[in-house]
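Asks: No sequence on hand, only this structure:
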C-alpha cells in the first residue's frame, strides 16, 4: 500500500513537472511567435519606410529635373537622356491622340528634317494686346481691323519719373549690326516652347511674352487653314550664336554674336511643315504670316527690299516681338524696325485706335535721368537701345 501511495505521489509529481515543462514550452513557443511576428512587422515597417524614402528621393530628383529642364539656359545639342526621350515620346503620343496640330507623319518628318531654306542660320495664359493691358487678346479673335483709326500726332505726357523707378521691358530695343545686346534675359522670363507649340526639338526656348504671341499665331493659323507652323529656332546664348556665325559662310544670313535678336529671346523662326504656292509663285503660308503677324505683336523682321538697311538677306521666317501697336504701324507703313525707331525719333510718337483700344506712343530722350509718363493711364516703358525710351500707354 505504501509503495502504491509512493508510486502515486511520484506519478503526480511527474505529471506536475510535465505540466510545468509543457507550460514553459508553450510560453517559449508563444514568445517565439511574438518575437517572430514583431520582427516581421519591423521588417515590413522598415521596408515601407525605405520604399517611402526612395519614392521621396525619386520625386525630389524628378522635381530638380523638371525645374532644370524648364528654366535652365540650353547650350549645344539637347542631352539625350532616357527621361527626356520618354517625355518626348509621351508628348508625341498625346498630340497624335487629340489630333491637335498636324498629321503624325508630317510632324515626325518635321522634327527630324532640316529647317527650310537656312532657317536654322537665320536672324532667323494668352497675351494681351501689349504688355499687360486689358481689353483685347489678339489670339482670341481670328479677324481684327486691318486699319487703325483716329491716327494722330505725338501725345503729351506730363508726369515726371526717374529712370531708376521704371521697369524697362526692352520689347523695343533695337538689336542689329550697329547696336549690341546689353543683357541676356533672366531665367524666369524664359520658357520651353515644347509642348505648348510644335518645335524642332525640346531645347527651343523663348521669352514668355514672345512664346504666348507665337502660340496664339500658330493656333489661329491652323484653325484658319493657313498652314501648320512650328518653331525652328528661338533663344540662343552667346556661344551658340558665335558658333553659328563661324560656321555660316554667307554672313548676310546671320548676325555676329551679341548682335542677334535671338539672344534676347524675343525672336522666333517660324516655318511651315509644307508650302503651297499661288499662280504668282508666292508662298501662301509665308504671305499669311506677313499679313497677320502684327495682330499678335510680331513683325517680319527681315524683308529682302530692306536689306540695305538691315544688312540681312530676306528671311520671311524670322519674327520679332514688339507689341501690337508698334507691329501694326510697321506693317501698315511698310517699315523695317530700324525705320520705325527713326520715325519715332523724328515725330515724337503717335496715337491710334486698334480694335477699340486707343494707344498713345511717345518717344523721349532722358533729361537729367527723368522721362515723362501718363498720369491717368496704364503704360509700359522700353528702352530703344540707342539712348531713347518709348512709352506705350492705352485707354
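Replies: Structure's in. What do you need? Everything quoted here is computed from the prediction, not taken from an experiment.

Asks: Ranking helices and strands of the chain by mean pLDDT, which lands last?
Replies: helix 104-112 (a mean of 34; mean pLDDT, DSSP states H and E).

Asks: Quick check: bridge partners of the closest residue to residue 208 other than its chain neighbours?
Replies: Nearest residue to residue 208 in three dimensions, chain neighbours excluded: residue 191, at 4.8 Å (C-beta to C-beta, 6 or more residues apart in numbering). For every residue, glycine as well, the C-beta is placed using N, CA and C. With DSSP bridges as the criterion, residue 191 is bridged to residue 206.

Asks: neighbours around residue 191, how many?
Replies: Residues lying near residue 191 (other C-beta atoms under 10 Å) number 21.

Asks: ok, for residue 171, nearest residue in space, not its chain neighbours?
Replies: Per C-beta to C-beta, 6+ apart, closest to residue 171 is residue 382, 4.9 Å.

Asks: Angles on the backbone of that neighbour, please.
Replies: When read as degrees, to the nearest 10, the backbone of residue 382 gives phi -140, psi 140.

Asks: same deal with residue 387?
Replies: phi 120, psi -10.

Asks: how many neighbours does the residue nearest to it when sequence neighbours are not counted have?
Replies: Counting by C-beta to C-beta, 6+ apart, residue 365 is the residue found nearest to residue 387 once chain neighbours are left out, at 6.2 Å. Using other C-beta under 10 Å, the number of residues around residue 365 comes to 11.

Asks: so what's residue 365 up against?
Replies: 387-389 (C-beta atoms under 8 Å, 6 or more residues apart in numbering).

Asks: Compare the residues you listed and tell me which is most surrounded.
Replies: residue 389 (20 neighbours).

Asks: Tell me the bridge partners for that residue.
Replies: As for beta bridges, residue 389 partners with residue 364, residue 383 under DSSP bridges.

Asks: Read off the pLDDT value for the residue nearest to residue 208.
Replies: pLDDT recorded at residue 191 is 97.

Asks: same question, the one 3 residues further on
Replies: pLDDT, the model's per-residue confidence, is 94 for residue 194.

Asks: gap between the closest residue to it other than its chain neighbours and residue 188?
Replies: Of all residues not flanking residue 194 in the chain, residue 202 sits nearest, at 4.4 Å (C-beta to C-beta, 6+ apart). Going from residue 202 to residue 188 by C-beta to C-beta, to the nearest Å gives 19 Å.

Asks: which one of these two has more residues nearby?
Replies: The neighbour comparison of residue 202 against residue 188 (other C-beta under 10 Å) goes to residue 202, with 19 against 8.

Asks: Make sure I have this right: the more buried one is in a strand.
Replies: No: counting by DSSP: H, G, I helix; E, B strand; the rest coil, one finds residue 202 to be coil, located in no strand.

Asks: you'd agree it is up against residue 196?
Replies: No: contact between residue 202 and residue 196 fails when scored by C-beta atoms under 8 Å: they sit 11.2 Å apart.

Asks: Show me the chain divided up by domain.
Replies: 1-71, 76-394 (automatic domain parsing).

Asks: among those domains, which gets the worst mean confidence?
Replies: Here the lowest mean pLDDT among these goes to domain 1-71, at a mean of 45.

Asks: isn't residue 296 right next to residue 210, touching?
Replies: No: the criterion here is C-beta under 8 Å, and residue 296 misses it with residue 210 at 9.7 Å.

Asks: Pipe the contacts of residue 365 into JSON lines and attach distance to residue 156 per row.
Replies: What follows is the contacts of residue 365, written out as JSON lines (distance: C-beta to C-beta, whole Å):
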{"residue": "387", "distance to residue 156": "21"}
{"residue": "388", "distance to residue 156": "17"}
{"residue": "389", "distance to residue 156": "15"}
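
Asks: Out of these, the closest to residue 160 would be?
Replies: Sorting these by how near they are to residue 160, with C-beta to C-beta, puts residue 389 at the top with 12.8 Å.

Asks: Contacts only, for that closest one.
Replies: Contacts of residue 389 by C-beta under 8 Å, 6+ apart are 163, 168, 363-366, 371, 381-383.

Asks: Residue 235 versus that one, what's the distance?
Replies: For residue 389 relative to residue 235 (C-beta to C-beta), the value is 25 Å.

Asks: Run through the helices of the protein in chain order.
Replies: Assigned by DSSP state H, the chain shows helices spanning 2-71, 82-98, 104-112, 208-223, 238-247, 284-292, 307-310, 324-332, 337-347.

Asks: Return the set of buried residues in the fifth one.
Replies: Meaning helix 238-247. Judged by neighbour count using 16 or more other C-beta atoms under 10 Å, the buried positions of helix 238-247 are 240-241, 244-245.
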